[in-house]
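Student: model the following, please.
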Amino acid sequence: MSDLWEHSDRVSCVHPGWGALRGWGAVAASWAALFQGPESLQFILTDERAEVVGDVAWVTVDENILGGGSGSTVAAVNLFVRGDDGWRLVMHHGSPVVAIEQPRAGP
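Tutor: Below you'll find the model as predicted:
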């Protein structure tokens with residue numbers, strides 16, 4: 001994960017339910033806490049889409065997360081920039097996907 005991110009003060013990350021984290025130190029610590037927590041997490045990625053415009057790219061993806069006997073889905077956006085050392089992630093934003101009950105047809 002560390003190799004993917006740009007290590008600078010301009011990076012930011014929003015995990016579902018968390019406030020915005022800014023700077024590589026805070027972002028790195030958040031991912032370490034998630035992956036070293038008491039629950040083993042498994043990510044199954046679906047509906048991946050990537051767009052590239054010049055030296056900027058964004059990837060949208062559904063992160064289907066399994067862990068602790070339950071599962072959830074997070075809709076995520078990842079923003080990358082291309083620099084001298086290649087593509088680096090500068091922003092991740094994840095929002096929980098909430099199941100919406102569909103209205104019943106008929107009386």
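
Student: residue 97 and residue 73 touch, don't they?
Tutor: Yes: look at residue 97 against residue 73 with Cβ atoms under 8 Å: they come within range, at 4.1 Å. No exception for glycine: its C-beta is placed from N, CA and C like everyone else's.

Student: quick check: neighbours shared by these two?
Tutor: Contact criterion Cβ atoms under 8 Å, 6 or more residues apart in numbering; residues shared by residue 97 and residue 73: residue 62.

Student: of those two, give the one with the bigger neighbour count.
Tutor: residue 73 (18 against 14; other Cβ atoms under 10 Å).

Student: any idea which strand is longest in the chain?
Tutor: Of all the segments of type strand in the chain, defined by DSSP state E, the longest one is strand 70-83.

Student: for whichever helix or strand comes after that strand, list the C-alpha coordinates in CSV.
Tutor: Per DSSP states H and E, the first helix or strand lying C-terminal to strand 70-83 is strand 86-96. Included here for strand 86-96 are C-alpha records, laid out as CSV according to Å, rounded to 0.1, in the frame of the first residue of the first chain:
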residue,chain,number,x,y,z
GLY,A,86,5.2,7.2,-12.1
TRP,A,87,1.6,7.1,-11.0
ARG,A,88,0.9,7.8,-7.3
LEU,A,89,-2.3,7.9,-5.3
VAL,A,90,-3.0,11.3,-3.8
MET,A,91,-6.6,10.9,-2.6
HIS,A,92,-9.0,8.1,-1.6
HIS,A,93,-12.6,8.7,-0.6
GLY,A,94,-14.8,5.9,0.5
SER,A,95,-18.5,6.1,1.3
PRO,A,96,-20.7,3.3,2.6
